[in-house]
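**Student:** what would the 3D arrangement of this be:
(chains A and B)
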Amino acid sequence: MQVIKADVAIVGAGGAGLRAAIAVAEKNPELKVALISKVYPMRSHTVAAEGGSAGVIQDHDSLENHFVDTVAGGDWLCDQDVVDYFVSHATEEMIRLEHWGCPWNRKDDGDVNVRAFGGMKIERTWFAADKSGFHMLHTLFQTSTKYPSIERFDEYFATDLIMEDGRAQGVVAIEVKTGEPKVFLAKSVVLATGGSGRIFRFNTNGAIVTGDGHAMALRAGAPLRDMEFVQYHPTGLPGSGVLMTEGCRGEGGILLNKDGYRYLQDYGLGPETPVGQPKNKYMELGPRDKLSQAFWQEQRKGRTIETPLGDVVHLDLRHLGEQKLMERLPLICSLAKNYLGVDPVHQPIPVRPAVHYTMGGVRADINCATDLAGLFAAGECASVGMHGANRLGSNSLAETVVFGKVAGESAADFASQNVMSDERKLLDQAKAHLAAIESLRNANGTEKASHLRHEMVKTMEDSFGIYRVGEEMQAGLDKISELRERFKNVKVEDKSKVFNTELLQAFELQSSLMVAECMALGGVERKESRGAHQRIDGFEARDDVNFLKHSVTFYNGDAKPRLEYEDVNVTRFQPEERVYGAAAEKNGEGK
Amino acid sequence: MSDKTLTIEILRYNPETDDKPTFGTFTIPYVEAWSMLDALEHIKDELDSSLAYRWSCRMAVCGSCGMVINGTPKLGCETFLRDYYPNPIRVEPLANFPIEKDLVIDSEDFIKKLESVKPYIINAMEKPVEEGVNKQTPQQLGLYKQFSMCINCMLCYSACPQMGLNPLFTGPAVIALGHRYNLDSRDDGYEQRTEVIQGKNGVWSCTFVGYCSEVCPKNVDPAAAINQNKLQGSQDWALSFLMPRKGDK
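**Tutor:** Numbers count the residues shown, from 1 in each chain, chains lettered A, B, ... in the order given. The predicted structure is shown next:
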C-alpha cells in the first residue's frame, strides 16, 4: 500500500481543480499539492465548453445587471450573497486568464471582445471562438506546470475520502495504469470532480461526467443540495447529443419549427426580433430552461421535424455568412458537418434539447467549505448556491475559476492551521476503502453493469425530463432504488489490474446510481415548478411560500436518501414573476 | 437496428496474460450513424467488457481517443462506420508509444516533453489584474492562434516516422506548442525554449515528411511550426557570426 503525503489533495483537474491548485501554489508555495485526476487534465470536461465565460467588462454594464440576470435566471433559488461575490470576482479571473495566455477573441483595437448570451441583459461573455472551455482548460493546465509545488497524479481514479476526527484527511485512489491502490493523506481536500450528466441517456457530457465526487462526498457525510435541478440545453445534435453552443444564438442564430416559424414568440419570449439582430433576453436569447420547454410544447403540438434520430427543430445560422461562422463558430460548423453531414453555411442544423448541467452539487458555503471540516468543493460538483434552479449560460466557466480559486485558498488556509491525525488511524480507514476496491474487482454476481447503466439512463430520461409528473417521478425513483439494490449483485468480469476500465465503470455506476436517487427524491418532493424543474400535474406554479428553499439530501446507507430543506439567502432582490421578452420590460425588470 | 453487420478487428494486449499483442475479431451491428466510439462501446457493453480504450467528449476536442484505423491515425469519435462499410475495419493503438492495454498507450513521455517546452507565458513584466488586459490585436492573435488549437491527441506522434527512429525527438505537437508561446505578443520566453526546440532532439530531428500535419484533426499544422523554427534557428546561427551574444534579440 503506497502512501503519498501532501498538504492539500485536489480531486479533479478540470477548470476548478487546476485553478484551485494554482491558488494553493500562489498562496503558499511551501504547501505540497497532490492534484489527482481520473484523466489527463486536458481531457477534463471543461474542454467541451464552447460559448464563453461571463464577466462584466463594458461601461454600460454593471455588476448589479449580472447579479439580477443570474438571480432571476435561477428563478430566485440562488443564494444572493454568493451571487454578489461571484459577479464581483468574475472579471478579474477573466483578466488573469488573459495574462496567462488565454486567446480570447479581440476587437480591432486589441481589447477583449464579448458576445451576447441567453438571459444576459448586456453582452458580457468572454469567448475564444467556440472553444472557450478548451482554451481556458489548456491555459490553466499549461500554466499549472510552472508551479513546482503542484504534483500531478494523472489517471488516478479516486474512490473514497478518508475521514478521521470528523475531518477529511485524504483519499484512496486506483492508479489506472497499474491497478494498484494508492493512499493520499492530506490536511485538506478539494473536490473539483464535475457534474453528473451521464446519469441521463441523451446528454452533451463526456464519458467521465459520472458524479464520482458527488457520491464520494455523500458517503463521507456531506449532503448534496438542489439535485433535482438538471439543465437541458436546448440545442444538442440529435443522436449524439453533441453540443451546439448558445453562442450560435448569441451571434444571431434563430430557431425554427417545421413550418419555418420562429416558435419562441409563442412562449413568452417575443415579440419576434428581426433576423440578424439578436436582442438580449428576447427570443433565442432567452434562458435555457424556457427554450427547452418551448421545444417540448412544440413537439406536443406536432410542429417539430421528424428524423430517424428523433424529433428536432432547426438552428439556422445561414444569414450569418461564411466569414463570420468561420471566425466565431468554426467548431460548430465542423461538428455539424462531421456528425450530420450538414454544412451550417448552407443548411439549418437539426437540434433538440439534451441534458447538459447539474445545477446542484455538494453543499458548500461562500468559502467553498462543505459540511465536513477540511473538505472543500468547487465547480460543477459543488453547490455554492449561485445557479439556483437554472444556470445562465457562461456562468459555469466563470464559476470554475472564481470558486476554484476560493476553494484553493480556503484549503491552503485549512492545511496551514491543522495537523494530520494519527497516521495509523488514517491508514486503518484507508485499508477499509482498499478492501472495497478489491471486493468490487472480485464481484461475482449475475448483474451486468453495462445493462444496469442502460436501465438507469433510460429511467432518468423518461421520468425526469423537461416536464415532470409526480407518478412518473415516483416510478423513476423506485426504479433507481431497485437498480441500486441490484448493483449489489453485480459481476465484474475483468479481474485484471492494468487499465481495467470495466472496474472503473462499475465504480462510476455505483456513484451515478447514488446521485440519481438524490435527483429523483428531490424531484418527487418538490411540489412546485421552478426553473429546470417543471411539473404538469397540478404543480405548474412556483410556490415561494413552501418551496423557496434548497433541497438537501443526505446519504442513508442502502435506504433512500434523507431529505431536508433549508432557506435560500435572499439579501435584496425579492422574488418576482420571472418573465422575458417584452413582458420583462413591461414589468420594469430593466433595472 | 438493421440486420447488417460489420467486422471489426482490434489489436488486443493484456500485459498480465499476453506475450505480445494479437488481433481479436468482433462482429457488430452496422448502424449508419455510429462512430468508431459507438462501435467500441457496443463491444465493451455487450461482447467483451475487458476491452480497454480511452474516450470522453465524443466531439473531437478532449483528445482522448486517438487510434490507428485501417493504418491511419484518427480520432475514434469522428471516424464513422459508414465510411468503411461493408469492408472490415482494423483498429490499433497509436504507433510509436508503448501499449498499456489494448488501445491504450502510455503517454507519460509525451506529457514530460510537453512540460519541458515551458508551455506558459513567460513575461518579465507581469502586471497586476487591476491594470486590466493586455492589448493584442486580431493580427497578433492570428500569428499564434492556429498553434494554440492542439488537443494533445498525439496522432502526429503516431504518424511521424522520426518518432520511431529517435524516441527522444521532442515531436510535432510539443514544438508547435512552444512555437505558439514564442509567437505570442505577451511572451518573452523565446530564449528559455530554445534548447528544447532548437536542440538536437528538437526541430533538427525532423526530416520534414509532413505526415504530422496531414493527420492533424485540428489543422494545427505542426510541420509549419517546425519549419518556421528551422528557419529561425538558421538565422540565429548565421547572426551569431555577425553579432555579439549569438544574435540574441
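**Student:** which stretches of chain B form helices?
**Tutor:** B:36-42, B:108-116, B:138-145, B:155-159, B:161-165, B:172-182, B:190-198, B:211-215, B:222-242 (DSSP state H).
**Student:** centre of the chain to the third one, how far?
**Tutor:** Centroid displacement of helix B:138-145 relative to its chain, using Cα atoms, centre = their mean, to the nearest Å, is 22 Å.
**Student:** ok, that helix near chain A or not?
**Tutor:** Yes: interface with chain A: helix B:138-145 contributes B:Pro138, B:Gln140, B:Leu141, B:Tyr144, B:Lys145 (Cβ under 8 Å from any Cβ of the partner chain). All C-beta spots, glycine's among them, are computed from the backbone N, C-alpha and C.
**Student:** ok so, going back, can I get the helices of chain B in JSON lines with mean pLDDT and mean neighbour count?
**Tutor:** Listed next are the helices of chain B as JSON lines, based on pLDDT from 0 to 100; neighbours: other Cβ atoms under 10 Å in any protein chain shown:
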{"stretch": "helix B:36-42", "mean pLDDT": "98", "mean neighbour count": "21"}
{"stretch": "helix B:108-116", "mean pLDDT": "98", "mean neighbour count": "17"}
{"stretch": "helix B:138-145", "mean pLDDT": "97", "mean neighbour count": "16"}
{"stretch": "helix B:155-159", "mean pLDDT": "98", "mean neighbour count": "27"}
{"stretch": "helix B:161-165", "mean pLDDT": "95", "mean neighbour count": "15"}
{"stretch": "helix B:172-182", "mean pLDDT": "98", "mean neighbour count": "28"}
{"stretch": "helix B:190-198", "mean pLDDT": "95", "mean neighbour count": "18"}
{"stretch": "helix B:211-215", "mean pLDDT": "97", "mean neighbour count": "21"}
{"stretch": "helix B:222-242", "mean pLDDT": "85", "mean neighbour count": "16"}
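**Student:** for A:Ser149, which of those helices is the nearest?
**Tutor:** Nearest to A:Ser149 among the helices of chain B is helix B:108-116 (14.7 Å), distances taken as Cβ to Cβ.
**Student:** report the contact partners of A:Glu50.
**Tutor:** By Cβ atoms under 8 Å, 6 or more residues apart in numbering or on different chains, the contact list for A:Glu50 reads A:Asp130, A:Lys131, A:Ser132, A:Gly133, A:Leu243, A:Thr245, A:Gly247, A:Leu331, A:Ile332.
**Student:** if we go to 7 Å?
**Tutor:** A:Asp130, A:Lys131, A:Ser132, A:Gly133, A:Leu243, A:Thr245, A:Gly247, A:Leu331 (Cβ atoms under 7 Å, 6 or more residues apart in numbering or on different chains).
**Student:** just the buried ones among these, please.
**Tutor:** A:Asp130, A:Lys131, A:Ser132, A:Gly133, A:Leu243, A:Thr245, A:Gly247, A:Leu331 (16 or more other Cβ atoms under 10 Å in any protein chain shown).
**Student:** helix, strand or coil for the first one?
**Tutor:** Recorded secondary structure, A:Asp130: coil (DSSP: H, G, I helix; E, B strand; the rest coil).
**Student:** show me the contacts for it.
**Tutor:** A:Glu50, A:Gly51, A:Thr245, A:Gly247, A:Arg328, A:Leu329, A:Pro330, A:Leu331, A:Ile332.
**Student:** now do the same contact list for the last one.
**Tutor:** Contact analysis of A:Ile332 by Cβ under 7 Å, 6+ apart lists A:Asp130, A:Met244, A:Thr245, A:Cys248, A:Pro344.
**Student:** show me those that map onto strands.
**Tutor:** Of the contacts of A:Ile332, none are assigned to strands by DSSP state E.
**Student:** make TSV out of those residues and add pLDDT and distance to A:Ile199.
**Tutor:** Shown next, in TSV, are the contacts of A:Ile332 (pLDDT from 0 to 100; distance: Cβ to Cβ, whole Å):
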residue	pLDDT	distance to A:Ile199
A:Asp130	96	26
A:Met244	96	22
A:Thr245	95	23
A:Cys248	97	26
A:Pro344	98	30
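**Student:** next step: the residues you listed restricted to helices.
**Tutor:** Reading helices off those with DSSP H, I get A:Cys248.
**Student:** A:Phe153 - that's part of a strand, no?
**Tutor:** Yes: counting by three-state DSSP, A:Phe153 is located in a strand.
**Student:** I'd say it and A:Ile36 touch.
**Tutor:** Yes: here A:Phe153 reaches A:Ile36: they are 4.6 Å apart, a contact under Cβ atoms under 7 Å.
**Student:** who has more neighbours, those two?
**Tutor:** A:Ile36 (30 against 21; other Cβ atoms under 10 Å in any protein chain shown).
**Student:** helix or strand: which one has A:Arg96?
**Tutor:** helix A:80-99 (DSSP states H and E).
**Student:** for A:Gly379, which of the helices of chain B is the nearest?
**Tutor:** Here helix B:108-116 is closest among the helices of chain B (Cβ to Cβ), at 22.7 Å.
**Student:** which strands and helices sit next to that closest one?
**Tutor:** Where contact means 3 or more Cβ pairs under 7 Å, 6 or more residues apart in numbering or on different chains; DSSP states H and E, helix B:108-116 is packed against helix B:172-182.
**Student:** ok and the helix it packs on relative to helix B:138-145, angle-wise?
**Tutor:** Between helix B:172-182 and helix B:138-145, the angle comes out at 150 degrees (axes from the mean of the first three to the mean of the last three Cα atoms, to 10 degrees).
**Student:** what lies in contact with helix B:172-182?
**Tutor:** So helix B:172-182 is contacted by B:113-114, B:117, B:119, B:121, B:144, B:147-148, B:150, B:152, B:154, B:156-157, B:160, B:187, B:189-190, B:193, B:196-197, B:202-203, B:212, B:220, B:222-223, B:225-226, B:228-229 (Cβ under 7 Å, 6+ apart).
**Student:** run a quick neighbour tally on the residue nearest to A:Tyr261 when sequence neighbours are not counted.
**Tutor:** Of all residues not flanking A:Tyr261 in the chain, A:Arg303 sits nearest, at 7.7 Å (Cβ to Cβ, 6 or more residues apart in numbering or on different chains). Neighbour count of A:Arg303, defined by other Cβ under 10 Å: 17.
**Student:** residue contacts, A:Arg303?
**Tutor:** A:Asn257, A:Lys258, A:Asp259, A:Tyr263.
**Student:** tell me the residue in chain A that is farthest from the middle.
**Tutor:** Each residue of chain A has a distance to the centre, and by Cα atoms, centre = their mean the biggest one is for A:Arg424: 36.9 Å.
**Student:** show the pLDDT at the spatially closest residue to B:Val133 that is not a sequence neighbour.
**Tutor:** The shortest distance from B:Val133 to any non-neighbouring residue, by Cβ to Cβ, 6+ apart, is to A:Glu98 (4.5 Å). At A:Glu98, the model reports a pLDDT of 97.
**Student:** any idea whether A:Leu31 is helix, strand or coil?
**Tutor:** coil.
**Student:** how does chain A divide up, domain by domain?
**Tutor:** A:236-353, A:430-549 (automatic domain parsing).
**Student:** now for whichever residue of the stretch 251-400 of chain A sits closest to chain B: which residues touch it?
**Tutor:** Distances between the stretch 251-400 of chain A and chain B by Cβ to the nearest Cβ are smallest at A:Asn338, namely 5.0 Å. Neighbour list for A:Asn338: B:Glu78 [criterion: Cβ under 7 Å, 6+ apart].
**Student:** what comes up buried for the helix or strand hosting it?
**Tutor:** According to DSSP H and E, A:Asn338 maps onto helix A:330-340. Of all the residues in helix A:330-340, those buried under the rule 16+ other Cβ under 10 Å are A:Leu331, A:Ile332, A:Cys333, A:Ser334, A:Leu335, A:Ala336, A:Lys337, A:Asn338, A:Tyr339, A:Leu340.
**Student:** just send those back as TSV, with distance to A:Asp316 too.
**Tutor:** Output for the buried residues of helix A:330-340, formatted as TSV (distance: Cβ to Cβ, whole Å):
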residue	distance to A:Asp316
A:Leu331	18
A:Ile332	13
A:Cys333	13
A:Ser334	18
A:Leu335	16
A:Ala336	12
A:Lys337	16
A:Asn338	19
A:Tyr339	18
A:Leu340	14
